[in-house]
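J.: My questions are about this predicted structure, shown below with the sequence.
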Amino acid sequence: MTTPKSALKNTQHYVLTKSDIENAPATKHIHQSNDNAIRHTVSLSDIVGLTKFGLHLVRVESGDETTQHHYHENSDEFIYMLSGELSLHYGDEVYQLHAGDFIGFPAHGAAHSMRNNSDTDATYLMGGNRPAFDICNYPDIKRRMYTIHGKKEFVDLENLGQIEP
């Protein structure tokens with residue numbers, strides 16, 4: 001039994017072919033707290049309209065970092081290495097990542113960041129859930145970012161007040 005073309009028309013924007021992905025323009029992201037963290041990203045999930053889960057094809061050039069060292073309170077993340085090499089700083093450990101390696105970053109886990117110390121680009125899939133509310137902590141720069149329904153705000157921890165019981 002074949003699927004009628006009319007049924008396929010309703011789902012075509014949910015299907016990305018290899019050619020679609022290869023021809024999708026990447027967005028250059030420079031981290032708001034780290035000018036050395038530069039990623040070239042194709043947001044596969046955004047292209048097909050996913051809102052609860054993010055999946056991104058990321059390329060990091062030689063010498064660049066991926067992000068500011070951080071961890072999330074409510075968002076799980078993962079990385080699946082496709083090509084190249086990255087140095088992963090995860091908690092107190094450093095790991096060398098290669099094609100085929102998978103890394104999970106559970107919510108409220110250890111802080112993490114990566115750097116491309118090799119001579120070639122590195123590519124990976126990055127994914128995770130997209131909670132309506134998340135807190136991202138940046139321990140090295142003592143900053144906290146709040147994401148509420150897609151809007152982001154941050155506070156330096158020295159300016160964060162405490163409420164006494």
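T.: Happy to help now that I have it.
J.: Which residue is the nearest non-sequential neighbour of S43?
T.: In space, S43 comes closest to H56 once its chain neighbours are excluded; the distance is 5.1 Å by CB to CB, 6 or more residues apart in numbering. All C-beta spots, glycine's among them, are computed from the backbone N, C-alpha and C.
J.: Tell me which other helices or strands the strand or helix carrying the one you found touches.
T.: Assigned by DSSP states H and E, H56 falls within strand 53-60. Strand 53-60 sits against strand 34-43, helix 44-47, strand 122-129, with contacts defined as 3 or more CB pairs under 8 Å, 6 or more residues apart in numbering; DSSP states H and E.
J.: Return the most buried member of the ones you listed.
T.: Counting by mean count of other CB atoms under 10 Å, strand 122-129 has the highest mean neighbour count of the helices and strands packed on strand 53-60, with a mean of 19.
J.: how about the strand holding H56: buried residues?
T.: Of the residues in strand 53-60, those with enough neighbours to count as buried (16 or more other CB atoms under 10 Å) are G54, L55, H56, L57, V58, R59, V60.
J.: With stretch 28-35 instead?
T.: Judged by neighbour count using 16+ other CB under 10 Å, the buried positions of stretch 28-35 are H29, H31, S33, N34.
J.: Thank you kindly, that will do.
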